[in-house]
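Q: predicted model, plus sequence, below.
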Amino acid sequence: MTAEQTVNRYYDAWRTRRGDMSDVPLADDFSFIGPVASFDTAAGFREMAVQAGQAVTSFEVRRQFVDGKTVCSIVEWEMAMPGLGRMTAAELLDVEDGVIVRGELIYDAEALRRAMAAQGA
């Protein structure tokens, strides 16, 4: 399986399985860095993805670029949270031997933080 095919399984989980990453090949020590949360295990990331996936109402990969084992995707998504519009991010995913080992999500998360705080109030 190519790096791009592996990463597309990851995005399919966001698009069609509401964040259920159980079929996505993530390394046990998968490390993920994002503006709202970071993880150093696949188990922690999978738990977050299932929770966040319940609120995702649309998810689209706008563009994707492959550089060896790294796939860079420009993604857009919407969540069922008042006051939160469409969000756009760049995501880097590193794949080794068909397994995603690292991820980094880059976007301005201020609107999401405000929406999350309002829901927690």
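A: Yes, it's here. Numbering: from 1, shown residues only.
Q: which residue ranges of this structure form helices?
A: Counting by DSSP state H, the chain has these helices, from start to end: 3-16, 42-53, 110-120.
Q: who touches the first one?
A: Going back to what we said before, that points to helix 3-16. With contact meaning Cβ atoms under 8 Å, 6 or more residues apart in numbering, helix 3-16 is reached by 19-21, 23-25, 49, 53, 56, 59-61, 64, 66, 68-71, 73, 75, 77, 93, 95, 98-100. Where C-beta positions appear, they are placed from N, C-alpha and C, glycine not excepted.
Q: give me the ChimeraX select line for these, limited to the buried ones.
A: In ChimeraX syntax, the buried subset of these is picked out as below (16 or more other Cβ atoms under 10 Å):
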select :19,21,24,25,49,53,56,59,61,71,73,75,77,93,95,99,100
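Q: mind pulling up the phi and psi values for Ala37?
A: phi -150, psi 150 (degrees, to the nearest 10).
Q: per-residue confidence at it?
A: pLDDT, Ala37: 92.
Q: ok, now which ones touch Phe30?
A: The contact partners of Phe30, by Cβ under 8 Å, 6+ apart, come to Phe39, Asp40, Thr41, Ala42, Phe45, Ile100, Val101, Arg102, Gly103.
Q: go again using 6 Å as the cut-off
A: Going by Cβ atoms under 6 Å, 6 or more residues apart in numbering, Phe30 touches Ala42, Phe45.
Q: how close does it get to Met21?
A: 10 Å (Cβ to Cβ, to the nearest Å).
Q: and what of Leu105?
A: Here the criterion is Cβ to Cβ. By it, Leu105 lies 14 Å from Met21.
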